[in-house]
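K.L.:
need coordinates for the following:
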Amino acid sequence: MSESSALSLPAKQGRFRVNLPLLVCKLFLLTFWGSVGFYLSYISLYYKQLGFSPADIGLMNSLRPFFGFVAIPFIAIASDRFRCRKLVLIASVFGSAVVLVILVMLHRPPEVPSCDIMEKQIREFLNLNISLPNSKLLPEEIHMMLIANQSWLYEQGRLSVLFVVVFLVCSFQDVIRFSAACQGNVAVLDELRRQEGNVDQYGWQRGFGCLGWGLCSMASGVFLSLSRTTVVSCGIEHTISDYRVSFLPGIGFYLLALLCALHLTFTYAESPNDAGNQDLLSHVLPVVLSWHYGSVIVLLIFLGICNGAIWGFLYWHLENLGATQSLLGLLIVLHAAVEFLCGSLSGWFIGKCGHIPVLSLGLFFYILRFTAFRLLTVPWHFFFTEILHGMCFILTWTTAVSYFSKSVPPQCGTTMQGLLIATHHGLGVGLGIFSTGLLINRYGAPGTFALYAVSCGLFLIVFVLIQWIAKVPPSPRIRKNDESVKSRPEEDGEPDEQETQETESLLSEPSTPVEEKAKLSIQLPLLKLPTKVVKQQCSGEGK
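P.N.:
Purely as a prediction, here's the structure:
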């Protein structure tokens, strides 16, 4: 068991007391997600500048998360099994910085040798003084089509090789980024247990990650705008940006996150040979396969699909409606602000409503957002709907993280967090980007958003019914204490003083939100404890 850090200052009442171990957690989340915000927000534009077609970009963005979905559970199980969480965290953060160095070194493939002939033909065609009354392919529209898909500018063989290299590098980046996020979550949850005794304030810590993402993403957009230059290729004018101004600060923030990661602490089982440490899946699988927790896992996958649709196509939809880059930049700032606010208030929401009601409320807000996406046609009106972004994403995610951290023993924490990240950010987001692209191609953006709104409504009804019917499995702490009492022989006579004190402290301890939701399934075994103790005490007195 790792020792509690001695860096905590004297406790002060209130949320804003100075707590150095938790401050390190906040700084790690701020720098780690800030580094991700520097490059990930504009990675599709980087792909376009390398010469990839829109189809190639869509394929890459939809397939990359699946690598994380496959790999992260195995990495998480190994880090729990071999007690190497900190090593995995440091390797993942350092590997993410190395990947950005590789992306900085990549360059566009050479242009086609016949560019001079193509330039002459394109210029002659665009300067034709003729009218095309029955055609939509006017010179200006042809110009925009050539800019949107620039793959024709480069040698196709070299471009295909570059696509494979970038796809593999960025897929590996997703795997180690998910791994670092998983280990970071576990470190924060462990520190909250040591310092606060409750993990429901995880959202307050995670809000600093959202703040880092938003600020660094906005700064990256400003840097890229300032680095824009206009070039002429084959007679076509187009703008390019120097993405080193985005990648290099991201590398710097990764190194800062690495420095913070060195000071994070993790909690393990008392002994490497502990039974819970030897058979991790025996604790995790019953939770995942139960109706109660299993339905929440399916909910996370569905919410990941919704997030994939929004993250992949909302800005594209707004650009089609006429939104400017300034408006999109303001939306990024708004998203970061509401995520930070909702993250800081998530503990209060959980305490007042409970975990399952908060998850249901978040799904309801997705219905409102997708309905607004279907109806609104003026870009700046989306400011009113995007206030709900924090309620939809960060509130539901942090609630699920804190909820599942209570469902398994601490030595299985990385395994459970890896499963959550794999299902939500890996499988869910990947399916969301891929399926939404197909749906928009067939039904258009408004029709697709309407389908999502209806799907969210139906899923909400099914989820609430399952939660109403299904019982909550007992928490690991309750199971452990209950089994220890059942295994005590009846003929042992009077219990010792330590067992009596443990029983009384268990009964007097305030119940957690998980227990409140399962008064019939969890607290009934506890009512047997004082009865058994009283009987033994009475029999002892009779003797």
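K.L.:
list the buried residues for stretch 191-202?
P.N.:
191-195, 198-202 (16 or more other C-beta atoms under 10 Å). To be clear about C-beta, it is placed using only N, CA and C from the backbone, and glycine gets the same treatment.
K.L.:
give me the mean pLDDT for stretch 87-98.
P.N.:
Per-residue pLDDT values across stretch 87-98 average out to 96.
K.L.:
other residues contacting it?
P.N.:
Judged by C-beta atoms under 8 Å, 6 or more residues apart in numbering, the contacts made with stretch 87-98 from elsewhere in the structure are 32, 35, 75, 78-79, 172-173, 176-177, 179-180, 183-184, 187, 251, 254-255, 257-258, 261-262, 264.
K.L.:
how about 7 Å then?
P.N.:
Contacts to stretch 87-98, defined as C-beta atoms under 7 Å, 6 or more residues apart in numbering, come from residues 32, 75, 79, 173, 176-177, 179-180, 183-184, 251, 254-255, 257-258, 261.
K.L.:
just the buried residues from these, in PyMOL please.
P.N.:
Applying 16+ other C-beta under 10 Å to the contacts of stretch 87-98 leaves a buried subset, and the PyMOL line that selects it is:
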select buried, resi 32+75+79+173+176+177+179+180+183+184+251+254+257+258+261
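K.L.:
how about the contacts of stretch 87-98, which pair is most distant?
P.N.:
When the contacts of stretch 87-98 are compared pair by pair using C-beta to C-beta, the two farthest from each other are 79 and 251, 24.5 Å apart.
K.L.:
on that earlier part again, farthest pair in the buried residues of stretch 191-202?
P.N.:
Distance extremes for the buried residues of stretch 191-202: the farthest pair is 194 and 200 at 14.7 Å, using C-beta to C-beta.
K.L.:
before we move on, the earlier item: of the buried residues of stretch 191-202, which is the nearest to residue 163?
P.N.:
Of all those, the one with the least separation from residue 163 (C-beta to C-beta) is residue 202, at 38.6 Å.
K.L.:
show me what contacts the nearest residue to the closest one once chain neighbours are set aside?
P.N.:
Counting by C-beta to C-beta, 6 or more residues apart in numbering, residue 402 is the residue found nearest to residue 202 once chain neighbours are left out, at 4.7 Å. Listed by C-beta under 7 Å, 6+ apart, the contact partners of residue 402 are 199-200, 202, 350.
K.L.:
save those residues as TSV, and put in secondary structure and distance to residue 408 too.
P.N.:
Shown next, in TSV, are those (DSSP: H, G, I helix; E, B strand; the rest coil; distance: C-beta to C-beta, whole Å):
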residue	secondary structure	distance to residue 408
199	coil	12
200	coil	16
202	helix	15
350	helix	18
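K.L.:
not counting its neighbours along the chain, what's nearest residue 264?
P.N.:
Leaving aside its sequence neighbours, residue 264 is closest to residue 187 (4.2 Å, by C-beta to C-beta, 6+ apart).
K.L.:
tell me the contacts of that neighbour?
P.N.:
The neighbours of residue 187, taking C-beta under 7 Å, 6+ apart as the test, are 25, 264, 266.
K.L.:
quick one: secondary structure of residue 230?
P.N.:
Put simply, residue 230 is strand when judged by DSSP: H, G, I helix; E, B strand; the rest coil.
K.L.:
burial of it, as a residue count?
P.N.:
Neighbour count of residue 230, defined by other C-beta atoms under 10 Å: 8.
K.L.:
thought residue 44 was touching residue 58?
P.N.:
No. With contact defined as C-beta atoms under 7 Å, residue 44 does not count as touching residue 58 (8.9 Å).
K.L.:
the two: who's more crowded?
P.N.:
The residue with more neighbours, out of residue 44 and residue 58 and counting by other C-beta under 10 Å, is residue 58; that gives 21 against 18.
K.L.:
gap between stretch 204-216 and the chain center?
P.N.:
Mean C-alpha position of stretch 204-216 versus that of the full chain (C-alpha atoms, centre = their mean, to the nearest Å) differs by 12 Å.
K.L.:
what's it in contact with?
P.N.:
Here stretch 204-216 makes contact (C-beta under 7 Å, 6+ apart) with 22, 25-26, 29-34, 36-38, 188, 253, 332-333, 335-336, 339-340, 343-344, 347, 394, 398.
K.L.:
just the strands in the protein please.
P.N.:
When secondary structure is read from DSSP state E, the chain shows strands at 229-233, 236-240.
K.L.:
ok, and the most crowded of the contacts of residue 187?
P.N.:
Using other C-beta under 10 Å as the neighbour test, the contacts of residue 187 are led by residue 25, with 28 neighbours.
K.L.:
so, low pLDDT: which residues of the chain?
P.N.:
Across the chain, residues meeting the criterion (pLDDT under 70) sit at 1-17, 111-153, 233-238, 269-279, 474-543.
K.L.:
could the buried residues of stretch 191-202 go into CSV alongside distance to residue 359?
P.N.:
Output for these, formatted as CSV (distance: C-beta to C-beta, whole Å):
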residue, distance to residue 359
191, 24
192, 20
193, 22
194, 26
195, 26
198, 18
199, 16
200, 14
201, 17
202, 14
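K.L.:
from these, pick the one nearest residue 166.
P.N.:
Residue 166 lies nearest to residue 202 out of these, by C-beta to C-beta, at 34.2 Å.
K.L.:
now do the same contact list for that closest one.
P.N.:
By C-beta under 7 Å, 6+ apart, the contact set of residue 202 is 188-189, 192, 398, 401-402.
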